[in-house]
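give me coordinates for this.
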Amino acid sequence: MVLETMANVGLLYFLFLVGVEMDLDIIHCMGRKALAIAIAVMILPFIIGVPFSFVLHQKSQGVNEGTFILFLGVALSVTAFPVLARIILAELNLLSSEIGRIAMSSALINDHRFRCLLHLRRSTSGVLDGAMTWAYLILVIILACLGKIVGTLLVAIYYQMPFYEGVALGLLMNTKGLVEMIVLNVGKDQKVLDDMSFAIMVIVAVVMTAIITPTVTTIYKPARRFVPYKRRSIKKSKPDAELRVLVCIHTPRNVPTIINLLEASHPTKKSPICIYVLHLVELTGRASAMLIVHNTWKSSRAALNRTQAQSDHIINAFEKFEQHAGCVSVQPLTAISPYSTMHEDICRVAEDKRVAFIIIPFHKQQTVDGGMEATNPGFQTFNQNVLANAMCSVGILVDRGLNGSPQLAANQVSHHIGVLFFGGPDDREVLSYAWRMSTHPGINLTVMRFVPGDDAIVESTVDPTRPPNDPRILKVVTDSDREKQFDEAFINEFRARTVNDESIVFTEKVVNNGEDTVAVIRLMDTVIDLFVVGRGRGMISSLMAGLTDWSECPELGAIGDLLASLDFAATVSVLVVQQYVGTGPLGDALGTPESPNLPGEHFGDFTGQMNRRPQ
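Prediction:
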């Protein structure tokens, strides 16, 4: 009696946690695909179980026929939402994927509907026994499993989903958990099942759930989902194609500057911007992380908590930007997970949506007196993880206002942007982005290229202990020379195409050391609203000598960290950009972002239609 009481108390706590995780209002805004799958995996097992239930019912004494059919159908058709959530999150890590969201949505509908069916009928007596009964039970379970897979496959084929995704969804929908245990316990208490039949069905449920993870892992390879795409950076994006940007928001305070930055990016009919707005919420007090895809319609409900109120504020701000800016499409999302693993959601969404650029806020915010203070210690680690794992270009935005409130209309935008060019793939990505921004009628662009003087110390990336004929040394030297060729080709292309644009100023400064570099930058910060600089991975230059010694934030690079420090104007925002370069011979240091063709051939993608500034 005591054990049963404790078990019931534990059941109540578990169901309470499940209720906390579920948002039944989501059911009303589920997509048709998830609803169709939920209905299919609910109906087909019922249909399969009906003929067998008549056979099994003949062996049950005193059990109402309708009750028996309903009970067996519920036991076979139910999908355990909590267990499915843990399988997807903890083991398969598919929550932010399309198949994960469909499975979660379908399971939520399925689980909720069967909790309602569970209370429709109750029986009072009757026992199932005999070897044939056990065989029938096992057979029905197997057929019900196949029924869910077939039902999911039919819906997947109708919606033109890949075959292996349909099979994986069907397997995931066979997940069993506490809800089925409740059904079986009700059946046992009401004498529909005897002890042996109850044990058989429990074992079958445990085995089915246990084999789902390895089976889905074998059948469904997440790598297959992603067709390799070339436009993983702004530089490689076509000027007449859509630019896809993933924006990460911690708090509503990040919104105004990011919206101003996006408006300055100049969305046009030829090159619109698709913005995926991801509100990042730290996982606290929940058993499972989740990724919420919001509908574009506005909810009239009042916010139930602070997190929802912030999400509503962020969504409303970007929807208003979408309405007024034109040539902009916005898809709001919310990611709820620990900061230690949140970068995985970011990178997966970016890969899934074919994003070319990710914008994340700096982990420090400006105070009233103009200083910078850290808001959350987990933000910096999160930013570093995104930089290390993202499969596209990434920008860290140091927010210092960027002209205050959001400028929703193009004619309200007026910014002076400064680019500091030292060379390398990150700086070429910066110049590509600034070039796009310069086509905006309200943008003035100043490009400052730093050139080493005669007195500059030439620093080597080569290990002096290696023999001079070491092939690795030759490779480093070759890659360094190629980077210089790419820099020259891109700079020449930029200058040739913008020579008649009065809003663009290009200047070269000869400097010999880090002190000279800082002096030049100080002369610029009085007229610049936004500095756009490269992170400078792997670029060892005497022009930055001594700057890295005092660096507090390595994720910003030497120049970005300098601009974000208190030594510079408190009104200048900074965007630090890291270009995605793929896997090169030097790994993260230099990489090989360009094709092995002649320098300049690959610039046509971005520069082809940026010859003149629109009036």
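
CA atoms for contacts and neighbours, from now on please.
Noted.

from Ile47, how far off is Val505?
Using Cα to Cα, to the nearest Å, we find Val505 at a distance of 73 Å from Ile47.

for the helix or strand encompassing Asp426, packing partners?
Using DSSP states H and E, the element containing Asp426 is helix 425-438. Under the contact definition 3 or more Cα pairs under 8 Å, 6 or more residues apart in numbering; DSSP states H and E, helix 425-438 sits against strand 415-421, strand 443-452, helix 471-498, strand 530-534, strand 573-578.

ranges for the helices of the stretch 101-250 of the chain?
131-158, 163-172, 178-189, 195-219, 222-225 (DSSP state H, counting those that start in this stretch).

most packed of those helices?
Mean neighbours per residue, mean count of other Cα atoms under 10 Å, is largest over these for helix 163-172, with a mean of 22.

other residues contacting that helix?
41, 84, 99, 103, 145, 148-153, 156-157, 212, 216, 219-220 (Cα atoms under 8 Å, 6 or more residues apart in numbering).

what do you get if the cut-off is 6 Å, keeping everything else the same?
Identification of contacts with helix 163-172 by Cα atoms under 6 Å, 6 or more residues apart in numbering yields 148-149, 152-153, 156, 216.

that older thread, just so I know, which of the helices and strands packed on helix 425-438 lies nearest Ile138?
Ile138 lies closest, by Cα to Cα, to one member of those: strand 573-578, at 56.4 Å.

for the record, mean pLDDT for that closest one?
The average pLDDT within strand 573-578 is 94.

in CSV: the helices and strands packed on helix 425-438, plus mean neighbour count and distance to Asn389.
Formatted as CSV, the helices and strands packed on helix 425-438 follow (neighbours: other Cα atoms under 10 Å; distance: least, Cα to Cα, whole Å):
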stretch, mean neighbour count, distance to Asn389
strand 415-421, 22, 25
strand 443-452, 19, 29
helix 471-498, 16, 23
strand 530-534, 27, 17
strand 573-578, 27, 12
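
what's the closest of the ones you listed to Thr517?
Nearest to Thr517 among these is strand 443-452 (7.8 Å), distances taken as Cα to Cα.

just checking, what packs against that closest one?
strand 415-421, strand 504-511 (3 or more Cα pairs under 6 Å, 6 or more residues apart in numbering; DSSP states H and E).

partners of the shortest one, with directions?
The reference is to strand 415-421. Applying DSSP bridges to the sheet, strand 415-421 is found paired with strand 443-452 (parallel), strand 530-534 (parallel).

tabulate the helices of the stretch 101-250 of the chain (JSON lines), appending mean pLDDT and distance to Pro452.
What follows is the helices of the stretch 101-250 of the chain, written out as JSON lines (pLDDT from 0 to 100; distance: least, Cα to Cα, whole Å):
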{"stretch": "helix 131-158", "mean pLDDT": "76", "distance to Pro452": "60"}
{"stretch": "helix 163-172", "mean pLDDT": "82", "distance to Pro452": "55"}
{"stretch": "helix 178-189", "mean pLDDT": "74", "distance to Pro452": "69"}
{"stretch": "helix 195-219", "mean pLDDT": "74", "distance to Pro452": "53"}
{"stretch": "helix 222-225", "mean pLDDT": "50", "distance to Pro452": "44"}
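
of those, which is nearest Leu243?
helix 222-225 (21.0 Å).

report the backbone C-alpha coordinates of stretch 306-317 in CSV.
This file holds the C-alpha atoms of stretch 306-317, laid out as CSV (Å, rounded to 0.1, in the frame of the first residue of the first chain):
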residue,chain,number,x,y,z
ARG,A,306,8.7,37.5,-18.6
THR,A,307,10.3,35.3,-21.3
GLN,A,308,7.1,35.3,-23.3
ALA,A,309,6.7,39.1,-22.9
GLN,A,310,10.3,39.5,-24.2
SER,A,311,9.6,37.2,-27.2
ASP,A,312,6.4,39.1,-28.0
HIS,A,313,8.3,42.4,-27.9
ILE,A,314,11.1,41.1,-30.2
ILE,A,315,8.6,39.5,-32.6
ASN,A,316,6.5,42.7,-32.8
ALA,A,317,9.6,44.8,-33.4
